[in-house]
Every structure is written in C-alpha cells, then in structure tokens.
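Asker: Here you go, sequence then predicted model.
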Amino acid sequence: MAMLQFHLSKMLAKQMQSLLVPAPDIRPEGMQWYAQGVSLLGEQCILAIEAHSRYLMVFCNLPMAELENFPLLFRERLWREVIAVCLLEDKQAQETLGKLVDQVSEQQVYQQGYDASINVHLQQAMRSLESEAQQLGRLPQTPEEEFNFGLRSNSHPTRYKGQHQPFQPVRIFADGWLGMLEYHQYQQQVHQESGAPDNVVPLRRH
C-alpha cells in the first residue's frame, strides 16, 4: 500500500521527536518527502519537498506545541493542493482522486534523513521565501497564501542530476497523481468485469 515517508533535517527531527519511528532508509512503496524547519521573521516554518517531482509545500506560523499535529495538517493540505493542481473538471474523478489522496496519506512515517540534491532545492526555497517575506514585511498568513507561494516556486523550471531537460515540479507532481487515478480507474474496471480484488494503490510516475 502506498504511503508517505518523511525524511527530516536534524533540527526538525529533534523538534518532532515524538513522531519518529525506526524505518528503512527508503520504503519502495512510499512517496518520499524531505522536510526542513526554518525560522523566518521570528516564526517557525516547515518546507517540504517531494523527492521525485521536487514539488514544494510551505507551512508557516507553526508553534512548537503544534508540531505533533503536523501529520494531520499535512494530510489536509496535501488533499487541497493535489485537487488544486490536477485541474479535474469531472466531479466524480475529482472525488475519486480525493479518496486516493486520503488513502495514500493515511500512513505517514517520520525519520531523520538527508539528500544533498534535495537540500539544494530546500535552500533555494528558503531563500525565496525569506526574500518575499522581507519585501512584504510578513510571511504567508493563510493556507491559500502558502499554496500560492509554493505554486510560484513549483511553476519555475528546474532540474536535478539525471534530468537532462528542465521541468516544472507542479506538472510532474500532478502527473504522478493523475497516473494513480488512471490506474485506479483501470483497476475498478477490471474488478467490475472479473470480480478481482482491487486494494493496491501504486505510485505510478509518468
């Protein structure tokens, strides 16, 4: 079953100690996220990047006491952002996609971890957020503002080792979820035609 696996920076791992569990470095069924905590304008923020797409999610104004609730916060935000970036017009397909997001994000595993390539993207995102916050005199205040900041970053062409052409993180991220939706719909069709069980959500990537 697909799930979310988080690799936290050393400092963030200390702050979220109660969520840490022993786990393999990489679980093949997991969607891999790397997260780092930063202090900007006197406020605690968390930047999280999905490894394959380099899709960025931003969380600001997080009191230390609320970090233990981060899994629920992330799950709710992930649902909203996936629905927003996939741009589905069909209401039934959108509802099915929302259920897939809920299913994938139900299990979350947190551990300390580091990836040099992804850290470059995290540092770039931190500098961009800091620059924008200094210009505005404040950080994003609402989930909508946080999403819009992330969208500007996620729409900017980027690349990493092994990728020969620049790509937009938002498109790779959306394509991954749309691929899961397509596979799920195919599995449903097979199930209806043959009665075969369908209880696996793969992480299909375009």
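Answerer: Looks like it arrived, so ask away.
Asker: Nearest to the spatial middle of the protein, which residue is it?
Answerer: Glu50 (5.0 Å; Cα atoms, centre = their mean).
Asker: wait, that one sits on Trp33?
Answerer: Yes. Using Cβ atoms under 8 Å, Glu50 makes contact with Trp33 at a distance of 5.5 Å. C-beta: built from backbone N, CA, C; applies to glycine.
Asker: Need the residues that contact the helix or strand where Phe149 lies.
Answerer: Secondary-structure assignment from DSSP states H and E places Phe149 in helix 143-154. With Cβ atoms under 8 Å, 6 or more residues apart in numbering as the test, helix 143-154 has contacts from 55-60, 77, 80-81, 84-85, 125, 128-129, 132, 140, 168-170, 173.
Asker: redo that, cut-off 10 Å
Answerer: 45, 47-50, 53-61, 73, 76-77, 80-81, 84-85, 121, 124-125, 128-129, 132-133, 136, 138-140, 142, 168-174 (Cβ atoms under 10 Å, 6 or more residues apart in numbering).
Asker: ok, now stretch 62-76?
Answerer: The contact list for stretch 62-76, computed with Cβ under 10 Å, 6+ apart, reads 4, 6, 12, 15-19, 33, 35, 37, 43-46, 48, 57, 59, 101-102, 104-110, 143.
Asker: Among these, which lie within helices?
Answerer: Secondary structure assignment by DSSP state H places Leu12, Gln15, Val101, Asp102, Val104, Ser105, Pro143 of these in helices.
Asker: Going through those, which ones are buried?
Answerer: Among these, the ones that count as buried by 16 or more other Cβ atoms under 10 Å are Leu12, Gln15, Val101, Val104, Ser105, Pro143.
Asker: Quickly check the residues you listed for the two that are furthest apart.
Answerer: Gln15 and Val101 (25.8 Å; Cβ to Cβ).
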